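Novice: coords please:
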Amino acid sequence: MKLYTSKLAPNPKRVRMFIAEKGIAGIEFVELDMMKGETRSPEYRRIAPNGLMPTLLLDDGLAIQESAVICRYLERIHPEPNLLGRDPTEEAQIGMWDRKMEFELLIPMAQTFRHAHPNGKLVERRPVPEFGEGQRGIAERRMGILDQELAGREFISGDRFTIADITAYIGLEFFRFVGFAITPEQENLARWFQTVKERPSSKA
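Specialist: Residues are numbered from 1 along each chain as shown. Take a look at the predicted model:
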């Protein structure tokens, strides 16, 4: 298998961190330079017509896109350590938190970058700065709520590390350059962030 990835984007890191947590060996990482337009090359477009990353290319030539889907596929073929849930109830709980972290934190942060940061023009042809700043507010409110939710548990979905923690962590870690920062009052969020940062997979 090959994973087409980039250090300049959060979703590829989401998959790399997932792979590292599970200790999966044998996947070749193919780094593409977005700044040089390598994701728009004819060679990559034959694999991923939309030019987006990450893309997992299986040995039979099947290409799988979307970071969450790639993670689900890898969980099925490498079920341990489990990161998505061991039974239907836990799967629903972890899935719920992962969606919250994606749609209420990661995506608003990404939209802030795309629409309100000078370098956003690399991925957004027609930025709307007002929209970007509105998304900043959504993400920052979510950070405050997450701080409160973490008061009673070690990790986002409960007492063990899951995909929900990966999704939240890559958002907070990657988009610091846009101005997102944990405030001194958000002690629970800071404690959780430091815990995840110390995991070997955070260096993936």
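
Novice: for the rest of this, base every contact and every neighbour count on C-alpha atoms.
Specialist: OK.

Novice: now the helices for this structure?
Specialist: 10-22, 42-47, 67-77, 88-101, 107-116, 129-149, 163-174, 187-197 (DSSP state H).

Novice: now do the longest one against helix 163-174: the angle between them, please.
Specialist: Right, helix 129-149. 130 degrees (axes from the mean of the first three to the mean of the last three Cα atoms, to 10 degrees).

Novice: could I get the helices of the chain as CSV with mean pLDDT and distance to Leu32?
Specialist: Shown next, in CSV, are the helices of the chain (pLDDT from 0 to 100; distance: least, Cα to Cα, whole Å):
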stretch, mean pLDDT, distance to Leu32
helix 10-22, 97, 11
helix 42-47, 96, 9
helix 67-77, 98, 16
helix 88-101, 98, 26
helix 107-116, 95, 20
helix 129-149, 97, 27
helix 163-174, 97, 18
helix 187-197, 98, 25
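
Novice: what's the closest of the ones you listed to Ala181?
Specialist: Distance to Ala181, taken as Cα to Cα, is lowest for helix 163-174 among these, at 7.5 Å.

Novice: what about the nearest residue to Leu105 once chain neighbours are set aside, how many neighbours?
Specialist: Excluding the flanking residues, the one nearest Leu105 by Cα to Cα, 6 or more residues apart in numbering is Ala139, at 4.9 Å. Residues within reach of Ala139, counting by other Cα atoms under 10 Å, total 25.

Novice: for Val123, see how far away Ala139 is.
Specialist: 20 Å (Cα to Cα, to the nearest Å).

Novice: now swap in Leu62 and tell me
Specialist: In terms of Cα to Cα, Leu62 sits 26 Å off from Val123.

Novice: before we move on, what about Phe155?
Specialist: Look at Phe155 and Val123: by Cα to Cα, they are 32 Å apart.

Novice: so for these two, which residue has more residues nearby?
Specialist: For the pair Phe155 and Val123, the greater number of neighbours falls to Phe155 (20 against 12), based on other Cα under 10 Å.

Novice: thought that one was touching Ala168?
Specialist: No - the pair Phe155 / Ala168 is not scored as a contact, 10.6 Å apart, by Cα atoms under 8 Å.

Novice: that older thread, JSON lines please, covering the helices of the chain and showing distance to Lys2.
Specialist: Formatted as JSON lines, the helices of the chain follow (distance: least, Cα to Cα, whole Å):
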{"stretch": "helix 10-22", "distance to Lys2": "12"}
{"stretch": "helix 42-47", "distance to Lys2": "11"}
{"stretch": "helix 67-77", "distance to Lys2": "12"}
{"stretch": "helix 88-101", "distance to Lys2": "25"}
{"stretch": "helix 107-116", "distance to Lys2": "25"}
{"stretch": "helix 129-149", "distance to Lys2": "33"}
{"stretch": "helix 163-174", "distance to Lys2": "21"}
{"stretch": "helix 187-197", "distance to Lys2": "26"}
